[in-house]
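**Student:** curious how this folds, go ahead:
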Amino acid sequence: MPYPAHQRAAPRPAPGTAPTALRVFPVASGAPALDAQTRMRLGRQLQALYDPVIDEALDPRLAELLQQLDADRGEDASR
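**Tutor:** Purely as a prediction, here's the structure:
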């Protein structure tokens, strides 16, 4: 069964095209770094993945817990 678009990790390439490979470059610290085009593409894909989640309503129980946490932090800060 196909998954809805918001449940896929990234858009699929058009039929007949190969997926674009990530371009990774070594930097002075030895850790790999992504080029600007790859970072932009990754950012767009992450935004497309998480936009539907951001628009979802928060469970009332979780909202209440978050309010209690904020209140507890406020009490700790005033001490």
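
**Student:** how about Ala57, phi and psi?
**Tutor:** Backbone torsions of Ala57, given as degrees, to the nearest 10, read phi -70, psi 150.

**Student:** nope, Glu56 is what I was after
**Tutor:** Glu56 adopts backbone torsions of phi -70, psi 150, taken as degrees, to the nearest 10.

**Student:** any low-confidence regions in this structure?
**Tutor:** Counting by pLDDT under 70, the chain shows low-confidence ranges at 1-28, 30-32, 79.

**Student:** quick one, strands of this structure?
**Tutor:** When assigned using DSSP state E, the strands of the chain occupy the ranges 24-26, 32-34.

**Student:** tell me where the protein has helices.
**Tutor:** In the chain, the helices defined using DSSP state H lie at 36-54, 60-78.

**Student:** pick the most deeply packed of the ones you listed.
**Tutor:** Of these, the one with the most neighbours on average (mean count of other C-beta atoms under 10 Å) is helix 36-54, at a mean of 12. (Glycine included, C-beta is placed from N, CA and C.)
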